[in-house]
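Asker: What follows is a predicted protein model with its sequence.
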Amino acid sequence: MLVVLLVSSPLVFALAIAGDLDVTTGTVVAGAAPLVYATLGETITEKAGVVNLSLDGSLLLSAMAGFGAAYTSGNVIVGFLAAAAASALVALIIAYAGIELRLNQIAVGFVLFLLTTKLSALLGEPFVRQPGPAVPKLEIPLLADIPFLGRALFQHNLSVYGSIVLIAVTYWFFYRTRPGLEMQAVGERPETAFARGISVRWSRYFYTGLGGALVGIGGAAFSLDQKFGWSEGHVRNFGWIALAIVIFGGWHPIRVALGCYLFGALQVVALKLQPVFPGLSQVLPILPFPTMILTLVVINRPGFRALGDRFASLRNFLASEPPAALGTNFEQQ
Amino acid sequence: MSAARNRAEIRGMVIAVLGATVVVALLLLALGANPWEAFKLLVEGSLGSKAKLSSTLLVWVPLVIASASLVITYSAGLWNIGVEGQIVMGAIFATWAARTIPGPGWVVIIAGIVAGVVGGIIWGLLVGVLKTHGGVNEIFGGLGLFFVSLGLTTYLVIGPWSREGVASTSGTDLFARDVWFPKIGSLEISWLSLLLAAASIIGVYILMRGTIYGLRLKAIGHNMQSSARLGIPSNRYMLSAFAAAGGLAGLAGTTQAMAFHHKLVPSISGGFGFLGILVVLLAGFRAGPVAPLAFFFAALSVGSSQLELRLDLDSSVGGVIQGVLVLFVLLAAGWQRRRAELRAVAAEAEGGT
């Protein structure tokens, strides 16, 4: 949290002097929407104990598939469905390799990252730089007229609203529902979960597939909404950024989402400052990575851990331990 | 027993390769290309003439050095995905030497090699220190540092090292002709690059097969807790593995800068670190099969540019074939092992009753 504050205070200042704060906030919320889908999808997958390292390729493949399907059918919804299906399929291969074949999830995920990256380039060729459909704008009546909040939150489209709703739903599911707690048990102590009668196997399949589908929706949210269209390597590196944000966010949905908005704000600031510091926009996209490393170092300090013990109500929010069984394969007796 | 298991392993490999071939052939058919013609063009495009063979070797050199580097870290059970960043850092340091060190060509070349190796070592050690002392997993520390090195390259190329008057991302000025690695006749490939590549892979092979150091590294990779109990200082060994691997990756970066591009460009690593991970996965983390497998992968990469010219297919075909192949081999190996395990369990249960 310390790092979040340290990084965000000059950012808020920079945003404030950059212009209308409500418009800027709106830009950040909309721009971060695809990342919100992708990071929360990966958070769900990892909470169940499976790591999907293919994210960077999965996002590319689903961005391509989403745009391609929407372009061919003329229907944006078909695009989102195709993207979700493509990315879920990739995730399920990792789940199968880990659950049934006991293969290393990192190895399979990495191979799939390279494979899907190249596949997106090969299969996406017909759609390169074609004009195509996009998610239509949808103002929410009444709410859109609220001063400040209206422009910041309620003058977007369904793709962006969905991302905001997803944050709340994921939080509620994780900490307020029984299946959510069971899912975390599968990722923390699979033996115990199994002894309690939870099927570790099927819940891992389910949440890996679900997480993959959300990553796919994130891909389509890029190519059909935030970064219109397709070209080779269109959303390259956003998958790695998403993986970094999941760690930065300590597998906590709200903190993960904050990480996405922080990154979105960084990008807006870079854009506004470009006339003053040319070259900054080239270097800024790498900022999440040193920030992630720094965060990891800080949260591994004993002092930071003590902080979580001191403020019990914040423990979930401050905790930064990965799910205990992350990336391991469970042998069902 | 072991002969039967070997036979099963080979059968699994054959099934995997056939399966991958069928999948790729179907994919090519779906894209409207004749698979047979595509495979023919792949071979012709990478081995068909002296010049093409030289282009393939030009890719083989950094790929085999990067793979050799990865064998070291994998042996210690480390996922050095940051290898890509260590290549970039090597190239940056080599470029610095090539631009600033005065003296005759061969002095600068040697200085460039040393600088490149040092750059890689620094970047590799940083990943290691973050892991052993900062608690940062090497996958994410390595990736983070890779992106930092990319940012640094872009900054250098459009900033302090930009070409006279133009700040473009097409790279720095070409190095002076006499600091290029010496080439073989009129071919693009340099004998010095080939020598360094051969030395790297042979060196790693001997290190892992014939030295106590390699044995201990493998012990750590196999089971860190029991090696610690045996008195092997695992942190120090892990750091040395990162340093050695980083040095080799830096060497790969040096060849990219001084023998291929002859300048620093933003995409200097060529993706050979990531591709090297596939090579090493396919080689089962052993040094022995790395050289031929890397050659095969290099041929696929170079040959697929022919597909772009002749069949109007995107040159990513080569990468798709590499990915499908490694995925199938991994899955087939896992499937074989799993079946053997289940059979053993079943046999035991039968014997028990």
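Answerer: Alright, I've got the coordinates. Everything numeric here is computed off the predicted structure, so don't read it as measured data. Numbers count the residues shown, from 1 in each chain, chains lettered A, B, ... in the order given.
Asker: in what helix or strand does the closest residue to A:Gly216 other than its chain neighbours lie?
Answerer: Spatial nearest neighbour of A:Gly216, excluding adjacent residues (Cβ to Cβ, 6 or more residues apart in numbering or on different chains): A:Ser87 at 3.0 Å. Heads up, the C-betas are built off the backbone N, CA and C, glycines and all. Per DSSP states H and E, A:Ser87 falls inside helix A:76-99.
Asker: buried residues in that helix?
Answerer: A:76, A:78-99 (16 or more other Cβ atoms under 10 Å in any protein chain shown).
Asker: With stretch A:67-77 instead?
Answerer: A:Phe67, A:Gly68, A:Ala69, A:Ala70, A:Tyr71, A:Val76.
Asker: and the two most separated of the residues you listed?
Answerer: Pairwise distances among the buried residues of stretch A:67-77 were taken by Cβ to Cβ; the largest, 12.5 Å, belongs to A:Gly68 and A:Val76.
Asker: dump the residue contacts of the residue nearest to A:Gly216.
Answerer: A:Ser58, A:Leu59, A:Leu61, A:Ser62, A:Gly212, A:Ala213, A:Val215, A:Gly216, A:Gly219 (Cβ atoms under 8 Å, 6 or more residues apart in numbering or on different chains).
Asker: between the buried residues of stretch A:67-77, which is closest to chain B?
Answerer: Of all those, chain B sits closest to A:Gly68, with 13.3 Å by Cβ to the nearest Cβ.
Asker: Lowest-scoring secondary structure element of the chain by mean pLDDT?
Answerer: Reading this off chain A. Between all helices and strands in chain A, the lowest mean by mean pLDDT, DSSP states H and E belongs to helix A:2-18, at a mean of 56.
Asker: if you could check chain B rather than the one you did, that'd help
Answerer: helix B:224-229 (a mean of 76).
Asker: helix or strand right after that helix?
Answerer: Trace forward from helix B:224-229 with DSSP H and E and the next one is helix B:234-255.
Asker: what's that following helix packed up against?
Answerer: Using 3 or more Cβ pairs under 8 Å, 6 or more residues apart in numbering or on different chains; DSSP states H and E, the elements in contact with helix B:234-255 are helix B:50-75, helix B:83-100, helix B:105-134, helix B:191-210, helix B:212-222, helix B:224-229, helix B:272-282.
Asker: what's the closest of the ones you listed to chain A?
Answerer: The closest of those to chain A is helix B:105-134. By Cβ to the nearest Cβ, the value is 4.3 Å.
Asker: coming back round to it: just give me the lowest mean pLDDT stretch among the helices and strands packed on helix B:234-255.
Answerer: When the helices and strands packed on helix B:234-255 are compared on mean pLDDT, helix B:224-229 scores lowest, with a mean of 76.
Asker: touching chain A at all, that one?
Answerer: No. Judged by Cβ under 8 Å from any Cβ of the partner chain, helix B:224-229 stays clear of chain A, getting no closer than 14.9 Å.
Asker: and that helix, what does it pack onto?
Answerer: Helix B:224-229 packs on helix B:212-222, helix B:234-255, going by 3+ Cβ pairs under 8 Å, 6+ apart.
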